[in-house]
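**Student:** what would the 3D arrangement of this be:
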Amino acid sequence: MNVTLLDGPIGTELDARGVPTPLPFWSASAIDDAPGILANIHQDYASAGAVVHTANTFRTRRRTVGPTWREWTNRAVQIARHSVGPSHQVAGSLAPLEDCYRPDRSPGKASYEEHLEMAGQLAQAGCDIILCETFPHGVEAITAVEAAMTTGCPVWIALTAGPDADLLSPIEMRRIAKRCVAAGVSAVLVNCTPASATLRYVDALTDASLGVPVGAYANAGRADEKMGWSADNQSKPFEAAANYLSYAQKWIDRGATIVGGCCGTGPHHITAISQWLDSEGLTKHVG
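**Tutor:** Got it, this is the predicted structure:
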């Protein structure tokens, strides 16, 4: 069995290393303000065992950054590329246009042109994969996939049920996933959902016999209005990583072959998964 190991979040690690991530740019600010620390985060995930690394482009589209959006997008991809091994892959993050926890604000099909523009820039910047991630709205998820598919790059879709696992039911996620597969995605994942609630979504996806790899990268913590994200067990990172691993093992046991971390996780979590994969003789491979 081959398992592809993703990295973890950028924003959580920037906060942990003392780098401000203010709205509206959030983690994108580090592209300009702390590129060295951003590179170190990518390097730490590579050292932990990750082989697919998500560039810090979640908030670098034109509507958020303004005139410098292309420059920031290119630099984010370059920082990721230059920080990891030559055999590793870089995924360009393509996010919903509005708050990823507010599907009611999604423009739906009207998002196509903006997703097309962002996807084109990610491809031009040299991404190996376009990762449409943290989509809670089915129509916009499919629209983003259709836009990304025009680039010729492999496209992955990551759907979220949100911080309380109530934005999508497993059945709804499976329905959206099937349409995304029909549109051409190479993998379907569930992300940015509590680790404790993720298994039922993995089950829904693997039971659907989608014909593409299924994966998961979940949250370990909770949303915080002042801090953006509050990670669990921050004072006990190894204990937190072991707890997260116990969930990841179940996802893999149920058929997930792409695994990583989302908000509240970090290099310790990826290391724990990597070491377990090694101990089980499961191959960590790229793509």
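
**Student:** beyond the lowest-mean-pLDDT helix or strand in the chain, next helix or strand please.
**Tutor:** Ranked by mean pLDDT, DSSP states H and E, the weakest helix or strand in the chain is strand 228-231, scoring a mean of 46. Going down the chain from strand 228-231, the next helix or strand is helix 237-253, by DSSP states H and E.

**Student:** which positions within the helix or strand containing V202 qualify as buried?
**Tutor:** Here V202 is covered by helix 199-207, with elements defined by DSSP H and E. Residues L199, Y201, V202, D203, A204, L205, T206 are the ones in helix 199-207 that count as buried (16 or more other Cβ atoms under 10 Å). In short, each C-beta sits where N, CA and C put it, glycine included.

**Student:** OK, contacts around the fifth one?
**Tutor:** Contacts were defined as Cβ atoms under 8 Å, 6 or more residues apart in numbering; by that measure A204 touches P170, I171, M173, R174.

**Student:** what's the closest of these to N219?
**Tutor:** The closest of the contacts of A204 to N219 turns out to be M173 (Cβ to Cβ; 15.7 Å).

**Student:** okay, now the residue nearest to D207 when sequence neighbours are not counted: neighbour count?
**Tutor:** Using Cβ to Cβ, 6 or more residues apart in numbering and skipping the chain neighbours, the partner closest in space to D207 is R174 (7.6 Å). For R174, the neighbour count with other Cβ atoms under 10 Å is 20.

**Student:** got the angle for the helix or strand containing R174 vs helix 199-207?
**Tutor:** Per DSSP H and E, R174 falls inside helix 170-183. Using axes from the mean of the first three to the mean of the last three Cα atoms, to 10 degrees, the direction of helix 170-183 lies 40 degrees away from that of helix 199-207.

**Student:** so which elements touch the helix or strand that helix 170-183 is followed by?
**Tutor:** Downstream of helix 170-183, the first helix or strand assigned by DSSP H and E is strand 187-194. With contacts defined as 3 or more Cβ pairs under 8 Å, 6 or more residues apart in numbering; DSSP states H and E, strand 187-194 has these neighbours: strand 129-135, strand 155-159, helix 170-183, helix 199-207, strand 214-219.

**Student:** save those as a markdown table, and put in distance to E13 and mean pLDDT too.
**Tutor:** Below are the helices and strands packed on strand 187-194 laid out as a markdown table (distance: least, Cβ to Cβ, whole Å; pLDDT from 0 to 100):
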| stretch | distance to E13 | mean pLDDT |
| --- | --- | --- |
| strand 129-135 | 17 | 99 |
| strand 155-159 | 19 | 99 |
| helix 170-183 | 27 | 99 |
| helix 199-207 | 25 | 99 |
| strand 214-219 | 14 | 99 |
